[in-house]
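1. Please find the sequence and the predicted model below.
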4 protein chains.
Amino acid sequence: MTASPIRVGVLGHTGRMGAETVRAVEGAPDMDLVATVGSGDSLEALVEAKAEVVVDFTRPDAVMGNLEFALSHGMHAVVGTTGFTQERLEQVQGWLAERPDLGVLIAPNFALGAVLAMRFAQQAARFYDSAEVVELHHNRKADAPSGTAAHTARMIASARSEAGVEPGPDATVSEVDGARGADLDGVRVHSVRLPGLVAHEEIMFGAAGETLTIRHDSMDRTSFMPGVLLGVRETRTRPGLTVGLEKVLDL
Amino acid sequence: MTASPIRVGVLGHTGRMGAETVRAVEGAPDMDLVATVGSGDSLEALVEAKAEVVVDFTRPDAVMGNLEFALSHGMHAVVGTTGFTQERLEQVQGWLAERPDLGVLIAPNFALGAVLAMRFAQQAARFYDSAEVVELHHNRKADAPSGTAAHTARMIASARSEAGVEPGPDATVSEVDGARGADLDGVRVHSVRLPGLVAHEEIMFGAAGETLTIRHDSMDRTSFMPGVLLGVRETRTRPGLTVGLEKVLDL
Amino acid sequence: MTASPIRVGVLGHTGRMGAETVRAVEGAPDMDLVATVGSGDSLEALVEAKAEVVVDFTRPDAVMGNLEFALSHGMHAVVGTTGFTQERLEQVQGWLAERPDLGVLIAPNFALGAVLAMRFAQQAARFYDSAEVVELHHNRKADAPSGTAAHTARMIASARSEAGVEPGPDATVSEVDGARGADLDGVRVHSVRLPGLVAHEEIMFGAAGETLTIRHDSMDRTSFMPGVLLGVRETRTRPGLTVGLEKVLDL
Amino acid sequence: MTASPIRVGVLGHTGRMGAETVRAVEGAPDMDLVATVGSGDSLEALVEAKAEVVVDFTRPDAVMGNLEFALSHGMHAVVGTTGFTQERLEQVQGWLAERPDLGVLIAPNFALGAVLAMRFAQQAARFYDSAEVVELHHNRKADAPSGTAAHTARMIASARSEAGVEPGPDATVSEVDGARGADLDGVRVHSVRLPGLVAHEEIMFGAAGETLTIRHDSMDRTSFMPGVLLGVRETRTRPGLTVGLEKVLDL
């Protein structure tokens, strides 16, 4: 690679995800960390440092101001901050209309493996009438199933339905309450909670004589960094607004 | 091994388990298949063939007569036929009182791996306050959870209780009905049903920073044969009545 | 579905795969089994039965004659018979040139899950610099690794290379010979052999803090049937020659 | 539990394992952390704090002095520090001869799950003629296979041999170099190395129609703490020298 490194600025660098991003950018051979901006710091540092791409892991009350500043100063943006309503997305598109050369990637989930697992599940769904999801998390988790597992189940149900595949039969006639898991649009989801687990999802498809399993294991938040770095690289060549990491994967 | 082969007679050799036993005994280098007796055949064939051990996979209405005959003719017995009530077990013990040199093994489950998995789960239970069971079967199964999984969960709960270990906390406050599985004496059990699966059980224990998993996969009824052959070998040196394959494993 | 059932003829119905196909077609609600042709039987039965699609699981010395007959009588074909050289494929294309309305699908592997697993592995490969394959088979298998695993490893290496991704580092400096598996184009492959296993493949990708695993478990040859039935359905709407089941999956 | 809490002193509390121990003891309802002693601190603090049990995660050049002090002042000891030669063990036994009421536990591995997994593998070994080990670690690991996996394989081979079980046949005739793993006393061991993995071991046993799998996943060093706490509890009622955590598990 003879191209000059991508000049990256990190907003929210003292938060947990921001700090991780700082480490990841510093470790990426094709990037230079040129500025970090914390809460209360001036955004002008980004301009002085000639940042090309900003990564925003701040807060819902700060992100819109940050984005407006970045776009008006010719910087692409990768955003992991939450709280994007339809109204906010339209506002971002308005800003981008004036700078059609710039790209913004907003993603709720930067875990590459999780995004790939969901995408593969969606692709496999129409070939199997039967699928179940087992998600396994530490025992401090408050909700069951996890948002990712619920989303996966619904994507499978939807892909199956679009392909005109009827859900396979379930012969269960005698069940101890809860044994067969939660029913999400016809896909059963099981939530295991144990200390020692981190965040794991297993999607199983079955047909006569075979099963196909897709599993994602996430150990810690460093797992989001390959997705963030990919976003930094891709957003420069994808003008306009992109929502969801899966859109830049070109699967 | 210079000992002469064990002379084995199979009762119920035309049934599915009996036929499998015939094949297994024929393939065992330390055994000779000397007689097979089907429904309606005379038991005298066992005497003429000088059978040392009989294996019974017949029916509840035939097995007691078979046992009485075998014991009165000096043969040990390995029994997989179901329907043994307390009354029947006492009857067998009565016959054995007159022949203290003979051994009878009656077992509801000859799958060595399943018996070992349950035993290991029982041993591990007192070191972990958290355990869950995931059992996976083909989608023609009528009950959920499987009898084996329910039995395993209850053994874990019981071992934990005996050791004075309180079940670990579960932080779930928001649950889609059924997601957390069935609660059997405080142990969660999840039942997956998919075509392509056969019979599988996974027992997971969790503690800070680690998990321990014991898994048994059963593909077909040949999986019962190592347990049957072990029973044939062991029953000759274990006079009296033994109920349950785990008793002859000396774990 | 109000369309009339697809009229299917099976060639080689007495072989193992042919017999399985007969059962699968009989069980498919959208198909009618209208003819079966064994070695020595006349192919005219297919014409009399008005077969629309023929499935060929015969032998290399019979398949070309069968295909010529089927195509010249206006029938589509799904072929699992082996032995297709480049020369043979060109011959089939020659016949198809005269019947551009007909479709022929020739596939070395009809296991849907195996084909999907390989395709997903190929898709994931460019996002990870590290991947390993573990394949697990019964202990009667003569070659290690399996052909499927070797093919998968080479596909990963190739996809990685095309994307310009360098293989990740391996810190191993002290190795008991063989521990790190076989090196196939930079992808490590491990072959487990145990009685009780059937045919399983696990493809693992790793990045900072996460792993992505794709696993296929094949229990018996019924696992090929969903792929065969899919081929029967698809070949009618895909004129010309198609080689490889993955081509009709539209992934 | 109405008993008063166990009074624990931690030696080497500023090291990684020592710091983890401090946290674990503080979180244990049946223990009180009464003293912490770092390099250069006086051991008298243990006496003043009336410690009943000391936990030593120091260095080989400090541990013997620490042990002599603890035993001469009536304290039990749990030791994770390495470097115990036969000579050192005999020295400890000499000190214990004068204080037969005290207990010392020295263990190279406090991961409860790893110790249980090895023990279960040893128990299962004599019922199966075929076993393989797959160990999976992060890609910064220098040796393959891991010490734990090598030890496990040798324990299996030894248990099998003691039971007179011949290793099962391996039909492999064509092998890409390394595919079948490393051969340790007749047990094949496979080492997977990927970023994202931490430390995992899977032990598989196979017989006709079934497999039994024991798996241990270790995420971080908190996984050693349940074993350390168990040691603290048990050492008070086990006078004399105990080497190896498995000895106090009463399996």
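-> Sure, I can see it.
2. Pretty sure residue A:187 sits against residue A:155.
-> No: Residue A:187 is beyond contact range of residue A:155, at 9.2 Å (criterion: C-beta atoms under 8 Å). (C-beta placed from N, C-alpha, C; glycine too.)
3. Please identify which of those two sits among more neighbours.
-> residue A:187 (26 against 18; other C-beta atoms under 10 Å in any protein chain shown).
4. Find the nearest non-adjacent residue to the more buried one, please.
-> Distances taken as C-beta to C-beta, 6 or more residues apart in numbering or on different chains put residue A:153 closest to residue A:187, at 4.0 Å, once the chain neighbours are dropped.
5. Backbone dihedrals for the one you found, please?
-> Taking degrees, to the nearest 10, you get phi -60, psi -40 for the backbone angles of residue A:153.
6. Could you double-check that it lies in contact with residue A:185?
-> Yes: with contact defined as C-beta under 8 Å, residue A:153 reaches residue A:185; the gap is 6.6 Å.
7. Name the residue in the two with the higher neighbour count.
-> Neighbour count, other C-beta under 10 Å: between residue A:153 and residue A:185, residue A:153 has more, with 27 against 14.
8. per-residue pLDDT, the more buried one?
-> Residue A:153 is assigned a pLDDT of 97 by the prediction.
9. Quick check: it vs residue A:182, distance?
-> 8 Å (C-beta to C-beta, to the nearest Å).
10. Need the overlap of contacts for these two.
-> Here residue A:153 and residue A:182 share the contacting residues A:145, A:189, scored by C-beta atoms under 8 Å, 6 or more residues apart in numbering or on different chains.
11. Contact distance from chain B - what residues of the stretch 1-150 of chain A qualify?
-> The stretch 1-150 of chain A has residues A:130-132, A:134, A:136, A:139-145, A:150 near chain B, with proximity defined as C-beta under 8 Å from any C-beta of the partner chain.
12. which among the residues you listed gets closest to chain D?
-> Lowest distance from chain D to these (C-beta to the nearest C-beta) belongs to residue A:136, with 10.7 Å.
13. OK, contacts around the most centrally placed residue in chain A?
-> In chain A, the residue lying closest to the centroid (C-alpha atoms, centre = their mean) is residue A:109, at 1.8 Å. Contacts for residue A:109 (C-beta under 8 Å, 6+ apart) come out as A:115, A:148, A:224, A:227, A:245.
14. In a strand, it, correct?
-> No: the assignment for residue A:109, made by DSSP: H, G, I helix; E, B strand; the rest coil, is coil rather than a strand.
15. gap between it and residue B:6?
-> 62 Å.
16. Which residues are in contact with the closest residue to chain B within the stretch 51-200 of chain A?
-> As assessed by C-beta to the nearest C-beta, chain B sits closest to residue A:194 within the stretch 51-200 of chain A, at 2.9 Å. Contacts for residue A:194 were tallied using C-beta under 8 Å, 6+ apart; they are A:136, A:138-139, B:130-132, B:204-206, B:211.
17. Same question for residue A:245.
-> Applying C-beta under 8 Å, 6+ apart, we find residue A:245 in contact with A:105, A:107, A:109-110, A:112, A:115, A:227, A:230-231.
18. what does stretch A:227-244 contact?
-> Against stretch A:227-244 from outside (C-beta under 8 Å, 6+ apart): A:6, A:8, A:21, A:24-25, A:28, A:30-31, A:52-53, A:55, A:76-78, A:80, A:84, A:89, A:92-93, A:96, A:100-112, A:115, A:245, A:248-249, C:127.
19. From those, keep the buried residues only.
-> Buried by 16 or more other C-beta atoms under 10 Å in any protein chain shown: A:6, A:8, A:21, A:24-25, A:28, A:31, A:52-53, A:55, A:76-78, A:80, A:84, A:92, A:96, A:102-107, A:109-112, A:115, A:245, A:248-249, C:127, out of these.
20. So which of those residues belong to helices?
-> A:21, A:24-25, A:92, A:96, A:112, A:115 (DSSP state H).
21. and the closest residue to residue A:140 other than its chain neighbours, how many neighbours does it have?
-> Excluding the flanking residues, the one nearest residue A:140 by C-beta to C-beta, 6+ apart is residue B:171, at 5.0 Å. Applying other C-beta under 10 Å, we find 13 residues neighbouring residue B:171.
22. Next, work out how far apart residue B:171 and residue C:61 are.
-> Counting by C-beta to C-beta, the gap from residue B:171 to residue C:61 is 66 Å.
23. Likewise for residue A:92?
-> Counting by C-beta to C-beta, the gap from residue A:92 to residue C:61 is 66 Å.
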